[in-house]
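Participant: Predicted structure and sequence below. I'll ask about it afterward.
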Amino acid sequence: MSSTARPATTPSEEAKSVTFERAAATPNPATYGTFSRLRRALRRKDTRSLADSVEAAISARLGGLATQPPAAVLFALESDWAGLSATAVDAKLKTFGPNALKPDNKLKIPHLIFSALVNPFSVILVCLAIIAIATGDNATFTVIMVMVVVSAALRFWQDLKSVVKAKRLAQGVKTMVHVRRTNFGLTSEAVVDSAELVPGDILELRSGDLIPADCILLEAASMSVSQSMLTGEALPIDKSPYAEDDVDAKDTDATGDMWAANVLLSGTSVAFGQGVAVVVTTGPRTYFASMGDALAGPRKSNAFERTVRRVSYLLLAVTILMAPIVLVIQGTVNKSSGWKNALLFALSVAVGLTPEMLPVVVNANLARGAILLARKNVLVKRLDGVQNLGGITTFCTDKTGTLTIDNVEVHSTITLQNKASIRPLHLAVVNSTLQTGARSLLDHAVVNANDGTHGPEMDMDDLFVDKVHEIPFDSARRMLSVVVRDKRAQHTVITKGAVDEVLSRCKSFTTSDTGSLFETTSAQPLSTAHRAIAKATALELNEQGLRLVAVAIRSLGQMGGFADEDAHSDWVEQDLTLVGFVAFLDPPKEDAKQAIVDLRALGIRIKILTGDAPEIARKVACQVGLLTDAEAAQPETVLTGEGLAVLVGELTAEEVTTAIKNATVLAKLSPFQKRQVVELLQASGEAVGMMGDGVNDALALQAADVGISVDTGTEVAKSASEIILLEKSLDSVVDGVLLGRKSMLNTIKYFKMTLSSNFGNVFSIMAASFWLPYQPMQPIQLLIQNILYDLSQAAIPFDNVDEDMLAVPVQWSLLSILRFMLVFGPTSSFFDIATFSFNWFYYGYRGDSDAGVAVAQTHWFLEGSMTQTLVVFILRTDKLPFVQSRPSAIFAAVVVTMLTVAQVLPWIPGLNTAFQFVHPKGLIYPFLVGVAVTYCALVQVMKVVYKRFFHEWF
Ligand SMILES: Nc1ncnc2c1ncn2[C@@H]1O[C@H](COP(=O)(O)OP(=O)(O)OP(=O)(O)O)[C@@H](O)[C@H]1O
Ligand SMILES: [Mg+2]
């Protein structure tokens, strides 16, 4: 590494004097392990063979710049501190394209057609069609191909709709970034969509921001970045800009790779702190993009998806098993029709068993759910988020904004003895105004409160102070400090933060409200008794539902300079003097109470996961009806982060989980503990929904079965979530759960009804094969019946679902499907056999005349199609059909249409002969009516018994 980056006197000269040499990508021993692990992982997954050269090139480019001083970096990127002009941005956008992983935003129609056509079911059907044409049966070939085309067309249409929908949703969920842009020589901070970033753009990064491109950090007081997305490393890494004096160390240390302290990689996020960075590479040229999808990590498939997959495999296995059996029986028993016909018949049975509509119905249900959710202001990033919402059994939420209104206000400003004093507020105002991290609700409230209502208004300009240092807020310290210098170079630390944390760093206190804002001469030692008074005051206010921050100061005396790197929280935030508290009103949300009742009525357990104090969280829980006063008095309903850490150290995982399950309020949790709680609940079989909008919620959001965030949340929380609410309200969650369940239940309904229908058909065909000396139905007729049934099922996503079915978390298993199928399948066979008997005994069709066989086959077609479609109305609900539960109009209309088409087919000239139908005998109609009535009544009775016995329906 030989870059001779020595800053010269003026920035422009300095930049020009720099020789830009590509730094060799010497692997840093600390990161080399990560590299090779990644590379191995990528190879294993085989998603993309990431050439070493690509990695080395990216590392070299970023690392090369990392060893240059900021001015040189800016020069190399044709930028400067003021930011790029609109013309420069336009030109660069043309050269580099948008900052998106997949640059072409066009719909890939051929790709969609391909995936609609090529799936296991279509492949089976096409193979069957080829066999049909090979045996010279053109009609069967045509019918099968029509089925392939129809199901592919439906699927294509469905996918197209979902892709368009997903795109539209994705556009709604933009990552916004703060960027410096110049306009006619004036610099302003603009908030732009991260897709519009170009190399050279100057970013202003704050805690909670996603790093939108590969960048070099130019300036930062303190900044920590979470790289877990790239390295799996959970703890945030400190980042710092290039430091002049370090340049020699850097040269020998070989830190000039992309893991250097001043390189910010796309896909990581600012855990805390803030800084200014310049964009080096965007879009597909970033390291993140070069890793392909492999790093996004394999998505956990949920229980629902696993069951869908298992059912599909089961059906494929049954098909493969049944077809040869039917073939052999037909070939040997019905010698008259010959092996060729037996083969066709076996094929048709196989087609009947193939659930070609399965992907269509599953996707259509999801898409329908997503569309309905979008109308309720709930955006789903991926379609299957819909099911995940429906599956939630435990719902974890943060406190502020969800359970309380999003408008925090200062209630009072007091000393530790609960005496009104303006000084804590004034100090908090200095702290909140000067800090440059993301302004939290508390900071806004503090700044807004400086309006004379709580005491004299303060003018910051009159203080004549400069901020010389800042230690940003993070969820571990739970405090925020700034260091200011006044005219006489006196340095003062102003800290505000959570009560316990600040108190533990205080040595003295003051209640003086007169004199200088920063004086500490009146301070007295903070004795144990005083600490107890302070804690009692905090507790009392918390129990009134007030949030608190403690405010403390420390005089550092006169200092010549204040070097940033010396200022570590370890020593700056020590020996503090407690000045008092600022109390905030954070009133509960009016509608939260009802939403909590609704969620509970849906069988969902609710927990608060907060970083705030337990007393206030408990109070809010009582106010919104999450806890009764009696429950709140029980110690096990509130668990704190410290308590959890102790339990984790002492108890087994199961015991810890029990403790978590017993607790409704989990307070003072660190971000890691929020995730730990979610993971322990999941391990005990709960499907966890997590709602949050802060940096401290991101890990838990990512881990949850479904992460829910809000449009106004931090970028990192949004990117970790599957669901984005356009308004932060529990009502949206209730709607989401209901629609998710509806979508799942309709899919389950499809599975159970279709599988039992198919199974019943196979059962009847087996019975017929052993009994009748002729084929019970022509192969082509089987196929037609199958198509009509499939089409009727395509309307399932539009059907209603009974309200009481929505009231419990949807859980289903292969076992419950099989049980349903084994009970209700053979019931239909009973009536099929009745039809065979009617033909055999009443009409005497025993296979000795072709004409008789044709009538018998037409009869079974009519009866089979009728029962198959009619029973849908009975099976779709566990109640009395039409009286207690109505199908939706669309669904009913489609089913009745298909039923009618089947009944009139034998009467339509041309079509009837093409499908080998003949006119049925007149007496079949009263027979059909009799069958319809008895069958529906029998199924209704069986339904009641079934429910009694198995305690479940769908
Ligand atoms: N900007 C800030 N300055 C000083 N202290 C803060 C600030 N923000 C939060 N705190 C302190 O840290 C504590 C934890 O707050 P934090 O916002 O991290 O928790 P949270 O889990 O996001 O809470 P919630 O569930 O209400 O969203 C607060 O009670 C407060 O005392
Ligand atoms: Mg929060």
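Facilitator: Right, received. Where do you want to start? Numbers count the residues shown, from 1 in each chain. Ligands and ions are numbered 1, 2, ... in the order given.
Participant: How about the residue positioned nearest the centre of the chain, nearest residue that isn't a chain neighbour?
Facilitator: The centroid of the chain falls nearest to E722 when counting by C-alpha atoms, centre = their mean (1.8 Å). Leaving out its chain neighbours, the residue that sits closest to E722 by C-beta to C-beta, 6 or more residues apart in numbering is G385, at 4.1 Å. The way it works is simple: take the backbone N, C-alpha and C, and place the C-beta from them, glycine included.
Participant: The one you found: what's it in contact with?
Facilitator: A370, V706, E722, I723 (C-beta atoms under 8 Å, 6 or more residues apart in numbering).
Participant: Which helix or strand contains the nearest residue to the last one once chain neighbours are set aside?
Facilitator: Nearest residue to I723, sequence neighbours excluded (C-beta to C-beta, 6+ apart): I708, at 4.5 Å. When elements are defined using DSSP states H and E, I708 is found to belong to strand 706-710.
Participant: What strands line up against that strand, and which way round?
Facilitator: Strand 706-710 sits in its sheet next to strand 688-691 (parallel), strand 723-725 (parallel), going by DSSP bridges.
Participant: dump the residue contacts of L730.
Facilitator: L730 sits next to T397, T402, L403, K589, D591, A592, A595, I596, L599 when contact means C-beta under 8 Å, 6+ apart.
Participant: at 10 Å what do you get?
Facilitator: Taking C-beta atoms under 10 Å, 6 or more residues apart in numbering as the criterion, L730 is in contact with 395, 397, 402-403, 589, 591-596, 598-599, 606, 624, 691.
Participant: In strands only, show me those residues.
Facilitator: F395, T397, I606, M691 (DSSP state E).
Participant: So which of the residues you listed is surrounded by the most neighbours?
Facilitator: M691 (29 neighbours; other C-beta atoms under 10 Å).
Participant: what sits against C396?
Facilitator: Taking C-beta under 10 Å, 6+ apart, we find C396 in contact with 605-610, 666, 674, 677-678, 681, 686, 688-692, 697, 700-701, 704, 708.
Participant: out of those residues, who's near ligand 1?
Facilitator: Among these, proximity to ligand 1 is found for T610 (C-beta under 6 Å from any ligand atom).
Participant: Would it be right to say that G922 lies in a helix?
Facilitator: No. According to DSSP: H, G, I helix; E, B strand; the rest coil, G922 belongs to no helix; its state is coil.
Participant: Mind pulling up the pLDDT for it?
Facilitator: According to the prediction, G922 has pLDDT 85.
Participant: related to what we said a few turns ago, between all of the contacts of G385, which two are at the greatest distance?
Facilitator: Maximum pairwise distance in the contacts of G385, criterion C-beta to C-beta, is 13.3 Å, between A370 and V706.
Participant: could you say which helix or strand contains Y313?
Facilitator: Per DSSP H and E: helix 303-333 holds Y313.
Participant: tell me what the helix or strand just after that helix is packed against?
Facilitator: Next helix or strand after helix 303-333 toward the C-terminus (DSSP H and E): helix 338-353. On a contact count with 3 or more C-beta pairs under 10 Å, 6 or more residues apart in numbering; DSSP states H and E, helix 338-353 meets helix 120-134, helix 138-172, helix 303-333, helix 730-771, helix 779-793.
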